[in-house]
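[1] Coordinates for the following, if possible.
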Amino acid sequence: MNLTANKLQSMSAIAATMLLACCSNIAAAGELHSVMLSDEQVTAAELSELKSAQKNNAIVLQLNGITPQEQASEAAAAARIVESGLQLYYWIEIARCPELADAHPEWMASLQGHPEWRRLFADAPIPLPKTQVVKNYPWVPIFYKEAFDAQIERVSRLLNGKPHAVGIFLNDLQGAPSACGCGNTLCRWTTDYGPIRTASALKDDAAALFVAEVSKLAPNSEVIPVWLTECEEHDCEPDGVCAGVGCYNGICWKAWNRQLQPVAEQADWIAVLLPFKMFERDSSRYGEPGAWIGHGLKMFQAMPLKQDSKPIEANRLIAIVQGWDVSESEVEAQVRHAKIAGTPNAVVVRTPIDQSWKPVLHQLKLSTP
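    Presented below is the predicted three-dimensional model:
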């Protein structure tokens with residue numbers, strides 16, 4: 001009996017290993033066609049409809065539960081996805097984190113550089129010199145050691161008690177919106193563009209190190225960093241989203257590339273966040289609605305080459321496209337332009353991804369003699 005039990009146990013382990021390899025091979029073959037849902041959206045009827053459409057082979061489930069009830073709801077949704085026969089992926093928001101921002105405001109990114117962001121917030125506070133700094137609420141990037149460690153603990157808590165996922169998307173591993181103060185929400189290259197530091201700053205490889213740590217928490221899942229593009233040349237015009245600040249030819253893309261290259265060495269896959277309407281990339285300058293997706297993906301080859309670095313191959317990318325507040329034809333156009341750019345992998349986001357931010361005043365802790 002013991003021998004038989006051992007054999008069965010061994011066979012089960014082999015079968016599980018083969019299943020994991022199979023799931024990984026589906027993604028590796030460039031066949032990821034998925035939608036992203038919240039736990040409330042993961043109903044039996046929705047899963048049945050998505051599966052019967054034969055266009056999707058996976059569901060990406062957002063994880064952000066704080067209370068035990070929220071955690072249980074997400075675990076139940078994950079179980080329903082597994083039972084449906086669709087592949088299960090998780091999506092975890094990192095930098096935009098009200099939970100940590102409220103508990104540790106000193107870990108939030110700051111707005112110390114260019115003042116152009118103030119045009120968007122007419123009543124923004126003016127900090128007192130040497131005693132206050134304006135923080136970017138609720139953004140807690142991983143470029144502070146204290147925030148890095150807390151975010152790892154948070155990811156571990158979010159994954160605890162959940163079914164195994166084929167892959168885990170980690171969104172917003174870069175800095176905070178309007179990092180230099182230009183006001184462009186795509187400007188993400190730093191945490192503080194100024195001399196004031198309220199925690200222990202990390203180096204450009206912080207995102208790569210974070211991916212490595214999460215891989216230890218979930219060794220059988222593909223950990224997929226989610227990256228953004230940076231500003232474009234027309235953004236720097238006086239009426240552009242950078243309001244005349246020379247971001248494009250400044251440090252933005254250089255820092256973007258310095259942070260991306262270690263990530264590309266650490267992770268096999270890189271997802272690209274491309275909600276074209278939310279990021280105000282639905283201008284006719286790109287062509288039909290959704291055409292910016294191809295433009296954004298091509299930046300991952302063009303901009304590293306401009307910095308004398310290794311380009312990120314298009315077939316290593318996963319396009320994260322907007323599926324809310326858009327028409328079905330616009331969804332199809334986004335996916336089509338991703339394929340034209342050489343990226344057949346796509347996730348259509350059905351529930352909004354919040355990228356909003358606002359300035360808040362933070363009182364500095366003054367050192368005593």
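[2] use CA for all of it now, contacts and neighbours both
    Will do.
[3] Tell me where the stretch 251-369 of the chain has strands.
    270-274, 317-322, 345-349, 358-363 (DSSP state E, counting those that start in this stretch).
[4] could these go into a markdown table alongside mean neighbour count, distance to Gln87 and mean pLDDT?
    Formatted as a markdown table, the strands of the stretch 251-369 of the chain follow (neighbours: other C-alpha atoms under 10 Å; distance: least, C-alpha to C-alpha, whole Å; pLDDT from 0 to 100):
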| stretch | mean neighbour count | distance to Gln87 | mean pLDDT |
| --- | --- | --- | --- |
| strand 270-274 | 23 | 17 | 98 |
| strand 317-322 | 27 | 16 | 98 |
| strand 345-349 | 24 | 13 | 97 |
| strand 358-363 | 17 | 36 | 97 |
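[5] how about TSV for those strands, with distance to Ser283 added?
    Below are the strands of the stretch 251-369 of the chain laid out as TSV (distance: least, C-alpha to C-alpha, whole Å):
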stretch	distance to Ser283
strand 270-274	14
strand 317-322	15
strand 345-349	21
strand 358-363	25
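[6] Which elements pack onto the strand or helix carrying Tyr90?
    In this assignment (DSSP states H and E), Tyr90 forms part of strand 87-93. Counting contacts by 3 or more C-alpha pairs under 8 Å, 6 or more residues apart in numbering; DSSP states H and E, strand 87-93 packs against strand 58-63, helix 68-84, strand 167-171.
[7] Which one of those lies nearest to His104?
    strand 167-171 (20.3 Å; C-alpha to C-alpha).
[8] Kindly calculate the angle that the closest one makes with strand 270-274.
    For strand 167-171 against strand 270-274, the angle by axes from the mean of the first three to the mean of the last three C-alpha atoms, to 10 degrees is 50 degrees.
[9] all helices for the stretch 101-250 of the chain, in order.
    145-159, 206-217 (DSSP state H, counting those that start in this stretch).
[10] out of the ones you listed, which comes closest to Lys358?
    For Lys358, the closest of the helices of the stretch 101-250 of the chain is helix 145-159, at 19.2 Å, according to C-alpha to C-alpha.
[11] what angle separates the closest one from helix 68-84?
    For helix 145-159 against helix 68-84, the angle by the same axes, to 10 degrees is 60 degrees.
[12] Check the gap between Phe143 and Trp253 for me.
    The gap separating Phe143 from Trp253 is 17 Å, by C-alpha to C-alpha, to the nearest Å.
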